[in-house]
Every structure is written in C-alpha cells, then in structure tokens.
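Colleague: Next one to model:
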Amino acid sequence: MADLFDTTDSAPEAQARADTAPRPLADRLRPQVLDEVIGQRQVLGPEAPLGVMLAAGTLGSIVFWGPPGVGKTTIARLLADATDLHFVQISAIFSGVPELRKVFEAAKQRRRTGQGTLLFVDEIHRFNKAQQDSFLPHMEDGTILLVGATTENPSFELNAALLSRAQVLVLERLGQEDLEALVARAETALDRALPLEPGARAALLDMADGDGRALLNLVEQVTSWRLDAPLDVNGLKTRLMKRAAVYDKSGDGHYNLISALHKSVRGSDPDAALYWYARMLEAGEDPRYLARRITRMAVEDIALADPQAQAVCLQSWETYERLGSPEGELAIAQALVYIALAPKSNAAYVAYKAARRAAKETGSLMPPKHILNAPTGLMKDQGYGKGYAYDHDAKDGFSGQNYFPDDMERTTFYEPVERGFERDLRKRVDYFARLRIQRTED
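Modeller: Sure, this is the predicted structure:
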C-alpha cells in the first residue's frame, strides 16, 4: 500500500514538472551552437584560436579569462557538444579534493568506454596550488580536457605548470552592437518590442555594463511591466538601478584602474585622471589608498621638476584624514589635478635605480681616505682625513674633490630634464661640472 504521506513525485512526474517550470530569459536564449554566440569573434572566428582548433579537430585545454556575463560557461558547453565530449561542470567555490577525485574517477570510467570528458571549472583561480596541481596528470594522459574560467588575471592566480598545459583566451565585455543584437534576439523570442523610447533603450544597454546575462535579466524585468506608453530615460531610471561596476579591490579590476589613473597623471591629462579616480571611488575604493598612490605618483613622475607636488599630495591626504568623506575626497581630487598638470621628470628615479645597481656591482669598496673621519691617532696614521678640502673654505664654496671610491670611475647618475624646477637644477649640475674640470686643471 502506498504511503499516504509520501508526496514525492515519481521520476517522470518530476521531469514533466521541470519541463513546464518557468525558465529565466537568459537560460531560454542560451545559444545551441557556437555560431549563435554573440560577440567574442576574437576567439570564435574562423581564423581565431578556437575556430582554428575546431577546424583542425585538435581542441586543447583552455582557460577563459574575462568579466562576468560574456559567455564563458556557454562557450565551454558548446565546445563539448562540438567535439562529442561529455560535459561536466564544477565550481571551485563549492568543490574540494573529494569532489575532484570523484570527477576524475568518473572521467576515467568514461574514457574506458571511449567517451572523453570536457571538465569546465568555473572560478578556477579559487583552487589552491595543490588543487590546481591535481589536474595536471589527468590533463596529460587525456582523461580530461580542461576548460577553466576566471575573472582574475591567470598570470597571477594560476600555477605556471597548469598554464603551460592550457591556452589562455581572453573574452571581452560585450560592446554596444553585441548588446543590441542580444536585445533584438530577446524581442524575437518574446514576440514583442521593448516598451522603451530610443534614448531609454540606449540607457538600458549602458545599465548592463557589457554583461549579457545582466542585460537579459533587465530585459525580462522591463517586459513584465504593464505600461500605457513607452518609457523615456527618466522613467526607466526610476524603475531600474544601474548594475554595479565590476571591481574587486584586491583583484584585477583594482590594478587595471589604478594603472589607468597613474598613466593619466603621467600623461598630464587631468580629465582622464579625475575620471579614473571617480571610477575607483564609485566602486568603493578606500580614499586613503588613493591618497597614498597619488603621493607616490608625485615622487616617481614629478619629483624635482616640481618639489611642491609632494607637499600638495601630503596636505590633501592630511585634509582627508581631518575631514573624512565626502569633503576630504575633494582635497585628493585637487591634488590629483595639480600633479596631472605639473611638469614631469623621472630623472631622480632613474638616478636612484642606477645608483642602486652600481652599489650592488661595486660591493664593499671603501670611500677614499681623504673623506674619512680620523677620531684616533691610529686612524690618522692610516691616512684617514689626509688631504680633505673643506668646501666652505674653497673658491666658490666648491673644492671639486673626488667622493667616489678610488677604484671606481666617477659616474653620472642624475640627469635633470629641461622642465619645471629641474631646469634650474640642470644649470647647477652643469655649473659644478665645469668647476670640477677647472679644479682638476688647476
């Protein structure tokens, strides 16, 4: 007799229920073949890496590197279909060594029956070194064809051994044309146009920020509204919030944006510098980190071309500490504009690095004895301090003596540029060089 309290569906009933359950639009529009994938022609085109591999029938292990919502999972699944491989998907977030062992054992069983396995590992950078190493023997003997996906730079996050066995393919955020094509595909599938004015339609694409999955989720929301007339931009923005920008304060996005900020300052572009500064603040970056970095920019890229630049940066940093947000962020922005427009020189930075190299190469060479102090009689007997010329007593306050080790040729490290305050320093360097020659000839 059947259990009156057993409400579990039978397998056919459960399958039927699953087939009729509502599916998200992004899942319904998932491409069925590689030719249906929107965007990513740089890896999928006939002459692109995947196109060439598939045409030659020599698909190898791959790591997809790119932001969310650009098709990493979809392409991996379609690659398995195109090569008749069994598709297995795991996430490094939820999987550990026991799960990996089961996956590898199942792949070995399939291989014995002539079926290969494409193992798709999402967030592969989350695996530690030992876990990443566990893939290697199974990749080498053909048990699995690995397709990894990561939003972080593989050069920093993945083992060199794993990278040497896989090709890294970069997937890019979807452009406006790609996003528009995705919306058009959604409208065809839904058999209705989005109830948006042209400006609002463009705003919807901007809200997705290059993420196809996010865009389809937004489209699904818009089509669920009961509207009497198409929405304009303000109406859309009232109902929808812009998708948060992709940014990880300890990851690749962080380093990309700070690099863009630094190079904008170095390139004397205050507008671009302010833009990247604002992008980082909007993403939640700590203003103290930005204050420290712009102070570094003043030291590294401006230096003595404008000695005041460091002081301006330090003052803005101190102002932020006293005022906090948001007022203190304005002080940092002002310092950013100042250093972007300041004359640039890395002459002192180059000189410092050259001096460090020379110091390593010359080892323990002693200073010349004439510039050594001689506080004891023994040291005087050894010639310490003998012949030292006190520069204040010399003509022009400059003796021209040698201060390098006796066994080392005089070397020029510092070459001031003809910009900003370093123009004056250039004159001083040249002046002392001429005097040094004169003192040698006297």
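Colleague: need the strands for the stretch 51-200 of the chain, in chain order.
Modeller: 62-65, 86-91, 117-122, 145-150, 167-170 (DSSP state E, counting those that start in this stretch).
Colleague: cool, and the stretch 251-400 of the chain?
Modeller: Counting by DSSP E, counting those that start in this stretch, the stretch 251-400 of the chain contains no strands.
Colleague: can you list the weak-confidence ranges in the chain?
Modeller: Scanning the chain with the threshold set as pLDDT under 70 gives 1-21, 242-252.
Colleague: How is it partitioned into domains?
Modeller: 40-170, 176-239, 252-341, 367-441 (automatic domain parsing).
Colleague: Of all the ones you listed, which one is nearest Ala354?
Modeller: Across the domains of the chain, Ala354 has its closest neighbour in domain 367-441 (4.7 Å, C-beta to C-beta). In this view, the C-beta of every residue, glycine as well, is placed from N, C-alpha and C.
Colleague: Endpoints of that closest one, how far apart?
Modeller: Using C-alpha to C-alpha, to the nearest Å, the end-to-end distance of domain 367-441 comes to 23 Å.
Colleague: So which residues make contact with the strand or helix carrying Val222?
Modeller: Using DSSP states H and E, Val222 sits in helix 212-223. Contacts with helix 212-223, where a contact means C-beta atoms under 8 Å, 6 or more residues apart in numbering, come from 24-26, 29, 38-39, 68-71, 174, 178-179, 182-183, 186, 190, 192, 194-196, 204-205, 207-208, 236, 240, 243.
Colleague: change it to 7 Å
Modeller: 24-26, 29, 38, 69-71, 174, 179, 182-183, 186, 190, 192, 194-196, 204-205, 207-208, 240, 243 (C-beta atoms under 7 Å, 6 or more residues apart in numbering).
Colleague: quick one on the thing from earlier: would you turn the strands of the stretch 51-200 of the chain into a markdown table with mean neighbour count and distance to Arg296?
Modeller: Below are the strands of the stretch 51-200 of the chain laid out as a markdown table (neighbours: other C-beta atoms under 10 Å; distance: least, C-beta to C-beta, whole Å):
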| stretch | mean neighbour count | distance to Arg296 |
| --- | --- | --- |
| strand 62-65 | 24 | 28 |
| strand 86-91 | 16 | 38 |
| strand 117-122 | 24 | 36 |
| strand 145-150 | 25 | 29 |
| strand 167-170 | 16 | 29 |
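Colleague: Serialize those strands to TSV and add fields for distance to Glu157.
Modeller: Putting those into TSV (distance: least, C-beta to C-beta, whole Å) gives the following:
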stretch	distance to Glu157
strand 62-65	9
strand 86-91	15
strand 117-122	13
strand 145-150	6
strand 167-170	11
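Colleague: show me the contacts for Lys427.
Modeller: Lys427 neighbours (C-beta under 7 Å, 6+ apart): none.
Colleague: For the helix or strand harbouring it, buried residues please.
Modeller: Here Lys427 sits within helix 422-441, counting by DSSP H and E. Residues of helix 422-441 classed as buried: Glu422, Leu425, Arg426, Leu435, Arg436, Arg439 (neighbour count, 16 or more other C-beta atoms under 10 Å).
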